[in-house]
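[1] Provide a 3D model corresponding to the input given below.
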Amino acid sequence: METLENMQKAISSLDPCKLKVLLVTSVGIGGLLCYLALRKKTKNIPVGDGWWRVGEKPLSEDRTIRPFVVETSEEMIQDLHQRIDQTRYTESLEDGRFHYGFNSAYLKKVAKYWRHEFDWEKQVRVLNKYPHFKTNIEGLDVHFIHVKPVQRAGQKVLPLMMVHGWPGSFYEFYRILPLLTETEGDFVFEVICPSIPGYGYSEAPHTQGFTCLDAARIFHKLMDRLDFSDYYVQGGDWGAFITCSMALMKPECIRGLHLNMVNAKAGGALSIISLLVGRYLPFLVGFTREDVCRIYPFMQKNVYEILRESGYMHIQATKPDTAGCGLNNSPVGLAAYILEKFSTWTDYKNRDLENGGLERKFSLDDLLTNIMIYWTTGSIIPSMRFYKENMGANFQKTMDNTTKIHVPTGLAAFPRELLHCPRVWARSRFTDIRSYTYMPQGGHFAAFEEPVLLAQDLLQFVKKVESKRPK
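    Just a heads-up that it's a prediction; the model follows:
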């Protein structure tokens, strides 16, 4: 109280000129503090809206959710077999293995199995094991599977959306679904797995410009249509970008974000210092020993390997329709193009093998089922266009890739992922990391390769988040 009286006396003793200076200064400082406070305020990216058909958007929208069944026909299978029979092969180079791409000697074996042993009708029944639906959002028929849990007494049901990437599909999640919808703990998941528009059974956009932000908005609308107001989201590859955009767009709807691919990096100067110092004094820059093992030698793992494995991206980000034309016409060409990614992105060492190591982690039935989803829907070209739409501008500097994410986040760092992101770098983008796990094995296709490990990490993350939520 005495301090306040002294301040009042000091101010009253000032002449008018000095009082004006004090007033202007106070207003300036107050304005600066307000500006700084507003800068720290959580940013949401605009939700926006869209219409992906040619022509005017109608005044009303059909919100009907329709059951969908995957079907096949004898004509479809006969056409496939005829095209496989007419495939022209080029002999592999001596000892070429997978260093030049898909080894044609092994490709012939895959094609032979596809033609004579693979049972598509049986796999269609496998696909229809879970309930499929379609609903029209922003002019597109959006496909999704909706798996309700086996709920035990006292269990809480939590909605979870899982989003695939390229060249995957909703089918990647079939092995993990039982581990999430039939649990022993305090909670169990009700899982929604949509197909990104332009992939699989989701209708492709008819106009230009469909990006991750648009997919994120559509998936929020889908969850709203299913009467979910808050939910968990999980993704890798494009699914990681889309779910991050969902967290930025409507953070109030996201209970938690779980990723098995992390798009984050330290700022320019900090990143350079980290890389220069981190190999020798990792503790100074926040690296762990495991980070050092996964990042270095830096040029080999983060530059040369990425250049070697990113040729497809340059094609798809520039002229997707040109390359896609051949893939959409040849089932064996499509299989070679896609399965080579399932080989190398699972483990770079698979390039040294004649069969690309494909059957180490996957069965041919599972791999060919994913191929058939692309083949029977003719969706390879629109799926490739997604790269051009997203990378037309400076992709890494777009709002959805630079804005900080404040929802509870869980990160599963698989050792064979294409790039490793240390926790200290991840913190530059994700401000509320509840869980960061160095996974013991696995690569890019986490749910498909290591469903048990991914499910365990997702469950422990959600348990941490739920324990901190108000009862």
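[2] sketch out the low-pLDDT regions of the stretch 251-400 of the chain for me.
    266-268, 393-400 (pLDDT under 70).
[3] the strands in it, which residues?
    254-259 (DSSP state E, counting those that start in this stretch).
[4] ok, the stretch 51-200 of the chain next?
    Under DSSP E, counting those that start in this stretch, the stretch 51-200 of the chain gives strands at 65-68, 132-137, 140-147, 156-163, 187-194.
[5] just those strands: most buried one?
    Mean neighbour count (mean count of other Cβ atoms under 10 Å) peaks for strand 187-194 among the strands of the stretch 51-200 of the chain, with a mean of 23. No exception for glycine: its C-beta is placed from N, CA and C like everyone else's.
[6] quick one: list the elements packing against it.
    strand 140-147, strand 156-163, helix 177-181, helix 212-225, helix 451-468 (3 or more Cβ pairs under 8 Å, 6 or more residues apart in numbering; DSSP states H and E).
[7] quick one: mean pLDDT for that strand?
    The average pLDDT within strand 187-194 is 98.
[8] can you check stretch 450-470 too?
    Mean predicted lDDT for stretch 450-470 stands at 97.
[9] how about that stretch: buried residues?
    Under the neighbour-count criterion of 16 or more other Cβ atoms under 10 Å, stretch 450-470 has 450-451, 453-455, 457-459, 461-462, 465-466 buried.
[10] show me the one of the strands of the stretch 51-200 of the chain that comes nearest Lys319.
    strand 140-147 (23.9 Å; Cβ to Cβ).
[11] need the residues that contact the closest one.
    Strand 140-147 has contacts (Cβ atoms under 8 Å, 6 or more residues apart in numbering) with 52-53, 68, 130-136, 170, 177, 181, 190-195, 197, 200-205, 218, 222, 226.
[12] the nearest residue to Arg83 once chain neighbours are set aside and Leu259, how far apart?
    Nearest non-adjacent residue to Arg83, counting by Cβ to Cβ, 6 or more residues apart in numbering: Pro331, 5.2 Å away. Going from Pro331 to Leu259 by Cβ to Cβ, to the nearest Å gives 33 Å.
[13] who are the contact partners of Val407?
    247, 251, 254-257, 432.
[14] sec struct for it, please.
    Under DSSP: H, G, I helix; E, B strand; the rest coil, the three-state class of Val407 is coil.
[15] what residues are up against the residue nearest to Arg83?
    Pro331 neighbours (Cβ under 8 Å, 6+ apart): 80, 83-84, 114, 371, 375.
[16] most neighbours of all those residues, which one?
    The most crowded member of those, judged by other Cβ atoms under 10 Å, is Ile371 (26 neighbours).
[17] burial measure for the residue nearest to Gln123 when sequence neighbours are not counted, as a count.
    Spatially, and ignoring its direct neighbours in sequence, Gln123 is nearest to Thr369 (4.7 Å; Cβ to Cβ, 6+ apart). Using other Cβ under 10 Å, Thr369 is surrounded by 20 other residues.
[18] how far away is Thr369 from Ile295?
    For Thr369, the distance to Ile295 - Cβ to Cβ - is 35 Å.
[19] kindly report the same for Ile254.
    Going from Ile254 to Ile295 by Cβ to Cβ gives 29 Å.
[20] more crowded one of those two?
    Ile254 (24 against 21).
[21] what sits opposite that one in the beta ladder?
    Beta bridges link Ile254 to Tyr231 when assigned by DSSP bridges.
[22] sorry, back to before: widest-spaced pair of the buried residues of stretch 450-470?
    Glu450 and Glu466 (23.5 Å).
[23] distance of the residue nearest to Gln123 relative to Trp375?
    From Thr369 to Trp375 the distance is 10 Å (Cβ to Cβ).
[24] one more: Leu127?
    14 Å.
[25] check Trp166 too.
    From Trp166 over to Trp375 the distance is 15 Å, taken as Cβ to Cβ.
[26] do the same with Arg351
    From Arg351 to Trp375 the distance is 25 Å (Cβ to Cβ).
[27] ok, now Asp224?
    Separation of Asp224 from Trp375 (Cβ to Cβ) stands at 33 Å.
[28] could the helices and strands packed on strand 187-194 go into TSV alongside distance to Asp95?
    Output for these, formatted as TSV (distance: least, Cβ to Cβ, whole Å):
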stretch	distance to Asp95
strand 140-147	43
strand 156-163	40
helix 177-181	41
helix 212-225	41
helix 451-468	34
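[29] quick one: closest of the ones you listed to Ala317.
    Across the helices and strands packed on strand 187-194, Ala317 has its closest neighbour in helix 212-225 (13.6 Å, Cβ to Cβ).
[30] pull out the buried positions in that closest one.
    212-223.
[31] could I get those residues as a markdown table with pLDDT and distance to Ile338?
    Converted to a markdown table, the buried residues of helix 212-225 look like this (pLDDT from 0 to 100; distance: Cβ to Cβ, whole Å):
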| residue | pLDDT | distance to Ile338 |
| --- | --- | --- |
| Cys212 | 96 | 21 |
| Leu213 | 96 | 26 |
| Asp214 | 98 | 24 |
| Ala215 | 98 | 20 |
| Ala216 | 98 | 25 |
| Arg217 | 98 | 28 |
| Ile218 | 98 | 24 |
| Phe219 | 98 | 24 |
| His220 | 98 | 29 |
| Lys221 | 98 | 29 |
| Leu222 | 98 | 26 |
| Met223 | 98 | 29 |
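[32] just the residues you listed now: which is nearest Asn401?
    Cys212 (8.8 Å).
[33] contacts only, for the nearest residue to the closest one once chain neighbours are set aside.
    Take Cys212 and drop its neighbours on the chain: the residue closest to it by Cβ to Cβ, 6+ apart is Phe241, 4.5 Å away. Applying Cβ under 8 Å, 6+ apart to Phe241 gives the contacts 212, 235, 263, 390, 400-401.
[34] how about those in a markdown table, adding distance to Thr72?
    Shown next, in a markdown table, are the contacts of Phe241 (distance: Cβ to Cβ, whole Å):
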| residue | distance to Thr72 |
| --- | --- |
| Cys212 | 31 |
| Gly235 | 29 |
| Asn263 | 37 |
| Asn390 | 32 |
| Asp400 | 38 |
| Asn401 | 39 |
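[35] filter those residues down to the buried ones.
    212, 235, 263, 390, 400-401.
[36] ok, these vs Leu160, which is closest?
    Nearest to Leu160 among those, with distances taken as Cβ to Cβ, is Gly235, at 11.0 Å.
[37] which residues does that closest one bridge with?
    Val163, Leu259.
[38] is it true that it touches Val163?
    Yes: look at Gly235 against Val163 with Cβ atoms under 8 Å: they come within range, at 4.2 Å.
[39] which neighbours do the two share?
    With Cβ under 8 Å, 6+ apart as the test, Gly235 and Val163 both reach 242-243.
[40] what sits closest to Ala111 if chain neighbours are left out?
    Among residues not flanking Ala111 along the chain, Val332 sits closest, at 5.1 Å (Cβ to Cβ, 6+ apart).
[41] shouldn't that neighbour be in contact with Leu107?
    Yes: with contacts counted by Cβ under 8 Å, Val332 reaches Leu107, the gap being 6.8 Å.
[42] Arg429 is in contact with Leu259, isn't it?
    No: counting by Cβ under 8 Å, Arg429 sits too far from Leu259 to count as a contact (10.8 Å).
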